[in-house]
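Asks: Show me how the following folds:
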Amino acid sequence: MSVAPRTHFLLFLISLSSRMGLSRYIEDIEAADGLYSLLSLDQKRDSEDFTFRRPLRCLDMLATDGSYTFVASRPQLACAGFIIAEPSEVISLELSDVNIDCSAGDFIKMFDGWVLKGEKFPSKQDHELPLHQRYTDYCSSPATGATSRSSQNVAMIFFHLHSADSGFTLAIKKLHNPFPCNIMSQNPEGSFTMVLPHQRKNCSFSIIYPVEIRLTDLSLGHAKSNELSPQRQLWSGCSGSGDYVELLGGNGVDTSMMFPVADLCFSLSGLAQMKIGCDNSVVRLVSSGNYINRVSFQYRLLEQSELPKTQENALDNFCSVE
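Replies: This next block holds a predicted model:
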């Protein structure tokens, strides 16, 4: 991930988190230790255990396995760390050396996904766990609340500390995921294939950039057995078919609140492409669980000349598509 996209990615998170009050607590950053360092993947390995270590900031973006320590120099009342891995990975989090006062209102919570501007990724419709099970609260049960594992390639930690010298250490480890689902892309261009083998679930691939998306292959409705497939029925839109792909655009991260751009409920081979001029572009695969469904696609960042010209603040105007 090059410097410019990393900076865009972090600035997007900061702008979204401003409504949460997080940006008010961003610590001053020296020029030599600026925005680029927050997403730097350079690993300064410890000579003994080869573990990457660095301080954790009040507002941080973490993309590397390692150990991150936060020590409050003053009250820190709205802090968050956004963790992201590769699409084919999930994230394991573990707290240690915790020094906080839960009785005074301090807390450390880990979340299975991201929370931005009041919106959650993955959305409630796309995540297999109910919302309350996606939170791990250290203060509610220190013994069991010290570890968390994500269901996708993003996770989050947020904390609220009243006293100076309070703090903790967060260990991050990435694990392989054989069937990635609900992915947040770090890059503005690339390609990916989502596969749902007989699973009743929804999977989204979210790209926090305005992009052109090209569907290169879509396979829907491969029956489990050699029985004849059910007779094709006519639906009013693809949502009634049970198995389909939709393209979404929007300015947040919750797919249920995004603008529907197009949907497909039939298999295709060859290119079908569309430009989505939104802050966030999504390919979403919906599966009934009766078939093996697969979608392959490519995406690229739109050039400045390709971006729509905004007229007022309406989503329809901002997210113009072709």
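Asks: which other residues reach stretch 205-214?
Replies: 5, 8-9, 12, 87, 121, 182-185, 188-189, 192, 194, 247, 253, 255, 271-284, 297-302, 306-307 (CB atoms under 8 Å, 6 or more residues apart in numbering). Glycine gets a C-beta too; all of them are placed from N, C-alpha and C.
Asks: Show me those that map onto strands.
Replies: Secondary structure defined by DSSP state E assigns 121, 183-185, 192, 194, 247, 271-276, 280-284, 297-301 of the contacts of stretch 205-214 to strands.
Asks: which of those count as buried?
Replies: Buried members of the ones in strands among the contacts of stretch 205-214, scored by 16 or more other CB atoms under 10 Å, are 121, 183-185, 192, 194, 247, 272, 274-276, 280-284, 297-301.
Asks: Compute the number of surrounding residues for Ile157.
Replies: Ile157 has 26 neighbours, counted by other CB atoms under 10 Å.
Asks: what about the stretch 151-300 of the chain, any weak spots by pLDDT?
Replies: 222-237, 239-240, 269-271 (pLDDT under 70).
Asks: One more pass at 80, please.
Replies: Along the stretch 151-300 of the chain, the parts satisfying pLDDT under 80 run over 221-241, 266-272.
Asks: where exactly do the helices run in the stretch 1-150 of the chain?
Replies: Remark: helices assigned in the stretch 1-150 of the chain by DSSP state H, counting those that start in this stretch are 3-17, 35-38.
Asks: Just give me the lowest mean pLDDT stretch among those.
Replies: Ranked by mean pLDDT, the helices of the stretch 1-150 of the chain bottom out at helix 35-38, which scores a mean of 42.
Asks: Output stretch 90-103 as PDB, restricted to C-alpha atoms.
Replies: Below are the C-alpha coordinates for stretch 90-103, written out as PDB (Å, rounded to 0.1, in the frame of the first residue of the first chain):
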ATOM      1  CA  VAL A  90      -8.800 -12.500  10.600                       C
ATOM      2  CA  ILE A  91      -7.400 -10.700  13.600                       C
ATOM      3  CA  SER A  92      -6.700 -12.000  17.100                       C
ATOM      4  CA  LEU A  93      -6.400  -9.300  19.900                       C
ATOM      5  CA  GLU A  94      -5.100  -9.800  23.400                       C
ATOM      6  CA  LEU A  95      -4.800  -7.300  26.300                       C
ATOM      7  CA  SER A  96      -2.000  -7.500  28.900                       C
ATOM      8  CA  ASP A  97      -0.400  -5.200  31.500                       C
ATOM      9  CA  VAL A  98      -3.800  -3.500  32.000                       C
ATOM     10  CA  ASN A  99      -3.700  -0.700  34.500                       C
ATOM     11  CA  ILE A 100      -7.100   1.000  34.500                       C
ATOM     12  CA  ASP A 101      -9.800   1.800  37.000                       C
ATOM     13  CA  CYS A 102     -13.100   0.400  35.800                       C
ATOM     14  CA  SER A 103     -14.900   1.600  39.000                       C
END
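Asks: State the distance from Glu306 to Asp217.
Replies: Distance from Glu306 to Asp217, counting by CB to CB, to the nearest Å: 25 Å.
Asks: And for Phe266?
Replies: Remark: distance between Phe266 and Asp217 (CB to CB) = 13 Å.
Asks: next one: Ile208
Replies: Distance from Ile208 to Asp217, counting by CB to CB: 24 Å.
Asks: Looking at those two, which one has more neighbours?
Replies: For the pair Ile208 and Asp217, the greater number of neighbours falls to Ile208 (24 against 15), based on other CB under 10 Å.
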